Structures are given as structure tokens and as C-alpha cells.
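>>> model this:
(one chain, ligands or ions: 2)
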Amino acid sequence: MVDLDKNIQYIKGVGEARAKLLNKLEIYTLKDLVTYYPRMHEDRSIPKNIIDLVHGEEALIEGIPVTRLSEIKVRRNLVMYKLTVRDDTGICQITWFNQSYLKSIFKIGKKYRFFGKVNKKLKNVEMNSPVFDVEGSSKNTGKIIPIYPTTYNLPQNTLRKVIENGLIEIDKKLDDTLPKYLLDKYNLCDLNTATKQIHFPENFEMFNKARKRLVFEELLTMQLALLSLKNRYTIKLEGIKFESKIKMSEMIDNLPFKLTKAQLKVLEEIDKDLEDTKPMNRLLQGDVGSGKTVVALISAYKAVKSGYQAAIMAPTAILASQHLESFTELLENTGIRCELLISGITKKKKEDILKRLESGEIDILIGTHAMLEENVKFNNLGLVVTDEQHRFGVRQRSIIAEKGDNPNVLVMTATPIPRTLALILYGDLDISIIDELPPNRKKIDTFPVTKEMDERINNFIKKQIDSGRQAYIVCPLVEENEEINAQSVLELAEKYKNEVFEDHRVEYLHGKMKQKEKDNIMDKFYNHEIDILISTTVIEVGVNVPNANVMVVENAERFGLAQLHQLRGRVGRGEYQSYCILKYQGNSEVIRKRMQVMKDTNDGFIISEKDLELRGTGEFFGTKQHGLPEFKIANLFEDIQMLKVVQSIAIEIIDKDPNLKNEENKLLKKLVNEKFGNRIEI
Ligand code: ADP
Ligand code: MG
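Numbers count the residues shown, from 1 in each chain. Ligands and ions are numbered 1, 2, ... in the order given. As a prediction, this is how the structure comes out:
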């Protein structure tokens, strides 16, 4: 047996310093190392004719030197080596720098293979610093080479070598993680083969086989976990049944506004669930500003009037406080008692809340993660609402639900995902959609801009502020970072406070600040004691400042479209025409297309479809936006077909063996528990 938990530091070729670099890539153990999959492969096995080379590509050529290697001193410490080679179709000029050992290598008339980046100017073909092999050797060329995502100071070659060493350690000694009956039935290769071939494939056919098996495993694990979660709700059919004589309309008729058709339709769906003994387990998707909160409120009203308590969980203290505010306002005169539980409150206050919650004196508890703590006990919890679900994991969802006796669960999210995916990913939930915004919303004008526009944009912001509005500016980084060429909050705040907007009130906000400081800044912005708020995406979620009408996103190319859409949703909440300015860098086709999508549409569902299309789900889901496990290898966009197949396999398995108790499924149970912990008890 190999010790897969072995610390990476003790792998051949690593040591302390390199271990630190590897840690940056989240590689800590031998297992992490061998499951650190390549981003792509480079085919260095098939040579191209020199005449066919394309500028900018990396390619393999087979060439014969027609000159000796010449040595040119460019300046002190910089020596250039030049070699001219030919094949039957053309001539290529090769250069290296400071590699004096090359002098003894090349012989005129002998054949060598070179792999490197092609530089083509008119008829001149050049290759800079290629790797090479003498004919017959295949150290650097002649095979399919993995390319890994890596980090500053950890060169591709080094990382590749370390992974190769890791693979030597586990050589054919891995116990398989999938049961044999599945491998046989679905013609999947064994784990040892897959692990070797995913990194260093003999050919692309083997690579595909390896990938298929690993994707299968990853998706199956997820599907089994989701299904067993769903099972827990459907097996225990006995849930809570709310009173049908309590009419939602009592509450609806007392609202200061008229609900949209979409809101009413969704409430009807919810109402039906609530009056059924089977516990509700529903996902509510609705674009930013579509009015999900009031849907939660009306559901909570029904719960309370039926004699139960409701819990509303939000991802941030700010958001929870805002919910409390609107709940208190709208529930005035109903006699319903709401309280707020966040980690910032005093011990005394907290004790008091916990006591009254347990005795049933509190009807609706609104709060953050703080509600998940063990000492938070309800008297008779009948409804759980989690807002902005993508911030909470599957696990947290079940922790809060366990505080009641199969309570009704409503999960709300403003991150729309395409329905096909939602059906599979939220396999454990029924889905409702609010696909309409309340009337009289002004369309937010969106402008993608590049650096040259900075001054004009700043003047525009000044004009807006001088007419009494406020602006958000979002940056991808907190502080400057040498490795990442992107705007940071601290740097920009410094510049805007002291130079560009010195006559205005500029403050900043980021996730590394203390909760108290953050709340303080947010309150000040809310009360219009700040004009410009520079921040990271911490403001992404739910905050409501109707007076703010400008959203500037720095390095917009670094954000997912769904995320940009969320950010944009922070403005356009009041009566003022609002603007979203997307500053972007880079000129690639994809970046420009993505910016165009943002300009063209305000519809979150269309945006998420496009996001998928333009990026693939690797990144789409890599951002942890959906509270789902990140995939190491599966890509939900490319692998949608496989996902469907695997889903039906998972259903078949769970149908036969709901708790994965059978001997043949022992390994599957282990996979699920390893990945999802014991919260999902199957
Ligand atoms: P989200 O779905 O993003 O959580 P909110 O629930 O915060 O949206 O609603 C955004 C704003 O729209 C709130 O100020 C809310 O009071 C208001 N609102 C909700 N529904 C309606 C409606 N039917 N008509 C008018 N305003 C509404
Ligand atoms: Mg909301």
C-alpha cells in the first residue's frame, strides 16, 4: 500500500521550499499531487513542416543544422546562440540565450527535433529557446506532454518532474476507488491506469479513456450524495402540514405594493407544498431585485400563523439586518415577533434570544451562520429559508433543517443557472422561478470600457455624486500583488482619496476587515455619509442602497458573467437611472464577447447560459458560486452527456441499495463520505 497522505515535502525532488510553492496550489499530500490534473496536453509527437508553421503557435519540427552554432555577446551576462536548421520544406532560425552547454551538442547534417514557439516575420521563420532531442531520443519531445496550471516561481518543467516522481511512488499500487462491477459494466479503466494516463498519456485515446473514468467517478460521487440527501426528505414522508385556513392572501392584500404575476405563481407553488404533509424542499431562483424577500416573508407568515417558527438565514450580517428591517416593517400589526441573530451581538442579548427562541416566544429568527451553532434551539421550527443559497453548502442547508422535525425548506438564489443544469445539480430540490421584475424598473445602462476612458469615467462619477448619488467601485484584489496584474482596493482607495476624488468622501471595504468595521462602513454608505465605496465582491450579496446609481467594476474580465450581473444588481434599486461601467483589459475575442453580453442583456438567465457557453463550467463552478463541491476534472458543460448517464446510474444504484450498505457498494459509500463528510449520512 502506498501512503497517499504522505506529506508532499518528502516526495523526491520537493523539499521544504518547493513544498510551500506546491501548497499554494493546494497540493499538500501525495494524493493531492497525483490528482492535480493537467490543464491541457501538448502534442510533441508529430512534427510539422517548416513551411506550414504558423506565427505564435508552439510546434515540433524536425530539422538538420546547416550552420554551426554561433555565439554572439549581446551585452555583459547575455550571450545569444544561433543555429540555422532546415527540413525539406524550409529554413528555420533558432535562438537560445546563455546556454553555453549547447556548444558541444549540434552537428551539421544530423537530425534533431525542436519544440518551441514559432515566430514568423514575412518569410523568416524563427523559434526561440525551444526544447530539443537528438533523433531517437524522446526526453523532451516525441510524446504528449502535460501542461499544469502553476504558480509564480514554480516552472512548468519542475512541477511536471515532481508529479512524475509522485506517479513513480504510487506506481500500480493504488487500490481502486470504484467497485469492480461498475468498471466492468461501463467499460471503465482501472484507477492505476487512469492516474498514469491522465498525466502522461501514451496517446490521446488512452487519455480520453483515463479522463472518462475519472469524470465518471467524480460525477457519480456527487450524484449519489445529492440523491441520498433527497432520499432523506422523501423517505421520511411525514413532515409538517400548515393550516389551509391560513390564507397567504391575508398578508398579500396588506402589502404596500402589488405582487407580480411571477411572485404570485411561485407563492402558489409554495403554498401547495406547505399544505402537504411531505416536507417542502424547494429552490427559488429569481434575478436580483425580482422580489424574493417578500416571498420568504409571506411563507413565514403562513408558518407562524399555523403555529410554527420560521428561520431565515442570510450569508452576511448586513443582509440579515436588512431582512429584519423589511420584515419588521411589513409585519407590523400582525403580532409576529422577529429577532436577529448574528455573531456581532452581545452575549447577554444572545442568551436572551436563545431562551426566547426555545420557549417559542420568537416567531421568526433572522440571522447568519451564527444560527447553525448547536446551542440554537427552536421550539417548533416549521420553515427554513436560506437566502443566496450559493453561499451556503449543501451541508449547512441540512444542519439548519435538522433543528426542526422535517421542516419545510425554501432555498433562494439570485444566481440563475440554466434549467438543464439546475435539474441535475439541485437534484434534491424542486424548482420555482420568478422570471419577471416588479414594474417600473429602469434598465441599467452598461458600458464596457478600456483604460483610455478612465478620465471620462471619473468625470462622469463626479457628476453623479455632485447631483447627490453614490457609487460603488469593485476591484478583484484587496492589496497589490506582483503576480496578478489587476486593480486592488487599497491601491485604488489611496489614489482616489488623495488625488482623483479628494473632494469627495471615499471609503473602502474588503473581506479581510473585522466584521464590526465592515458593518460600520456599510452603515455609513447606507446613510449617505460616504460617496464612493471601493470594495471587493463582499458587497455582491443583497445589499440595498437605493441612492447608489453607479457601479464600476475594475478588471471586469476577471469576473464571471453571473457575478458581474450580481454586482450590477446593486444599483438600479431606486428611482434613479443607473449605470454599470465595466472596465476591462485584454483584447481577446472571448473577453469582448462577454462584455457585449453584459451590455446587451439584463436577463440573468440569458447571461448564465452565455457564461456557460463562453467559459465552460470549469470556471463557472470553480468560483464556488453555487455551494457545490468543486470538480477536479469534470466540466459540467463538456460533460453534460456523461452527467445524464451517470445520473441514471446513480438512481439505479440508490434504488437498489438506498443506504449503500451492500458489500459491493462499500467503495461508493467511502467516496461519498470522503468528499461530503458524514453530514450526508448514507
Ligand atoms: P431580491 O430578489 O434581489 O432579493 P428584493 O426582495 O430585495 O429582491 O426586492 C427588491 C426590492 O423590490 C425591494 O425593495 C422590495 O420591497 C421591492 N419589491 C418586491 N416585490 C415588489 C413588487 N411586486 N412591486 C414593487 N416592488 C417590489
Ligand atoms: Mg435578496
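>>> Pull up the residues of this protein that are close to ligand 1.
257-260, 263, 286, 288-294, 414, 438 (C-beta under 6 Å from any ligand atom). C-beta: built from backbone N, CA, C; applies to glycine.
>>> Sitting in strands, which of those do you find?
The strands, defined by DSSP state E, take in residue 286 from the residues of the chain next to ligand 1.
>>> ok, the residues of the chain next to ligand 1 vs residue 584, which is closest?
Residue 584 lies nearest to residue 288 out of these, by C-beta to C-beta, at 21.2 Å.
>>> Quick one: residues contacting the closest one.
414, 565-566, 568-569, 604 (C-beta atoms under 8 Å, 6 or more residues apart in numbering).
>>> again, 7 Å this time
Contacts for residue 288 were tallied using C-beta atoms under 7 Å, 6 or more residues apart in numbering; they are 414, 566, 569.
>>> For the residues you listed, could you give me TSV that also reports neighbour count and pLDDT?
Shown next, in TSV, are those (neighbours: other C-beta atoms under 10 Å; pLDDT from 0 to 100):
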residue	neighbour count	pLDDT
414	25	77
566	25	84
569	23	87
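>>> tell me, how many neighbours does residue 186 end up with?
15 (other C-beta atoms under 10 Å).
>>> backbone phi and psi for it, please?
Per-residue torsions, residue 186: phi -110, psi 10 (degrees, to the nearest 10).
>>> Now it: closest residue in space, sequence neighbours ignored.
Distances taken as C-beta to C-beta, 6 or more residues apart in numbering put residue 216 closest to residue 186, at 7.0 Å, once the chain neighbours are dropped.
>>> helices or strands next to the strand or helix carrying that neighbour in the packing?
Assigned by DSSP states H and E, residue 216 belongs to helix 204-235. On a contact count with 3 or more C-beta pairs under 7 Å, 6 or more residues apart in numbering; DSSP states H and E, helix 204-235 meets helix 191-199, helix 640-656, helix 666-676.
>>> Mind checking which of the contacts of residue 288 are in helices?
When these are checked against helices (DSSP state H), the matches are residue 566.
>>> any low-confidence regions in the protein?
The chain contains residues with pLDDT under 70 at 229-237, 389-395, 397, 415-428, 482-483, 539-543, 615-630, 636-637, 677-682.
>>> Ligand 1 versus the residue lying closest to residue 151 once chain neighbours are set aside, what's the distance?
Spatial nearest neighbour of residue 151, chain neighbours left out: residue 24 (4.9 Å); criterion: C-beta to C-beta, 6+ apart. From residue 24 across to ligand 1, the span is 36 Å (C-beta to the nearest ligand atom, to the nearest Å).
>>> how close does residue 24 get to residue 486?
Distance of residue 24 to residue 486, given as C-beta to C-beta, to the nearest Å: 17 Å.
>>> Next: residue 544.
Separation of residue 544 from residue 486 (C-beta to C-beta): 28 Å.
>>> tell me the SS of residue 115?
Per DSSP: H, G, I helix; E, B strand; the rest coil, the secondary structure class of residue 115 is strand.
>>> neighbours around it, how many?
Residue 115: 22 surrounding residues under other C-beta under 10 Å.
>>> what do you get for residue 381?
When neighbours are counted by other C-beta under 10 Å, residue 381 registers 24.
>>> Quickly list what it is bridged to.
residue 309 (DSSP bridges).
>>> do residue 127 as well
On the basis of DSSP bridges, residue 127 is bridged to residue 94, residue 118.
>>> That one: what's it in contact with?
Counting by C-beta under 7 Å, 6+ apart, residue 127 touches 92, 94, 114, 116-119.
>>> can you list contacts of stretch 165-174?
For stretch 165-174, the surrounding residues in contact (C-beta under 7 Å, 6+ apart) are 1-2, 11-13, 30, 33-34, 191-192, 195-196, 199.
>>> before we move on, back to that, please verify my assumption that the residue nearest to residue 151 contacts residue 150.
No. The pair residue 24 / residue 150 is not scored as a contact, 9.3 Å apart, by C-beta atoms under 7 Å.
>>> Could you check which of these two has the larger neighbour count?
Comparing residue 24 with residue 150 by other C-beta under 10 Å, the one with more neighbours is residue 150, at 19 against 13.
>>> so what's the more buried one up against?
For residue 150, the contact set (C-beta under 7 Å, 6+ apart) comprises 25, 156, 159.
>>> Most neighbours of all those residues, which one?
Result: residue 159 is most packed of the contacts of residue 150 (other C-beta under 10 Å), 24 neighbours.
>>> Tell me which residues of the helix or strand where that one lies come out buried.
Using DSSP H and E, the element containing residue 159 is helix 156-170. Within helix 156-170, the residues that count as buried by 16 or more other C-beta atoms under 10 Å are 158-160, 162-163, 166-167, 169-170.
>>> Figure out how far that helix is from the centre of its chain.
In terms of C-alpha atoms, centre = their mean, to the nearest Å, the centre of helix 156-170 is found 28 Å from the chain centre.
>>> buried subset of the residues of the chain next to ligand 1?
Listed as buried from the residues of the chain next to ligand 1 are 259-260, 263, 286, 288-294, 414, 438; burial here means 16+ other C-beta under 10 Å.
>>> just the residues you listed now: which is nearest residue 208?
Using C-beta to C-beta, residue 414 comes nearest to residue 208 of those, at 37.5 Å.
>>> Looks like that closest one contacts residue 283 (just checking).
No. Counting by C-beta under 7 Å, residue 414 does not reach residue 283; the two are 11.8 Å apart.
>>> host element of the residue lying closest to residue 469 once chain neighbours are set aside?
In this structure, residue 469 finds its nearest non-sequential neighbour in residue 549, 4.6 Å apart by C-beta to C-beta, 6+ apart. Assigned by DSSP H and E, residue 549 belongs to strand 548-553.
>>> What helices and strands are in contact with that strand?
Packing contacts for strand 548-553, counted by 3+ C-beta pairs under 7 Å, 6+ apart, involve helix 454-466, strand 470-474, helix 561-568, strand 579-583.
>>> starting at the chain centroid, how far to the helix or strand just after the second one?
Elements were assigned by DSSP H and E; along the chain past strand 470-474, the next helix or strand is helix 489-495. Its chain's C-alpha centre lies 26 Å from the corresponding centre of helix 489-495 when counted by C-alpha atoms, centre = their mean.
>>> can you pull the contacts of whichever residue of the stretch 1-150 of the chain sits closest to ligand 1?
Ligand 1 sits closest to residue 26 of the stretch 1-150 of the chain, with a gap of 32.9 Å, by C-beta to the nearest ligand atom. By C-beta under 7 Å, 6+ apart, residue 26 lies in contact with residue 32.
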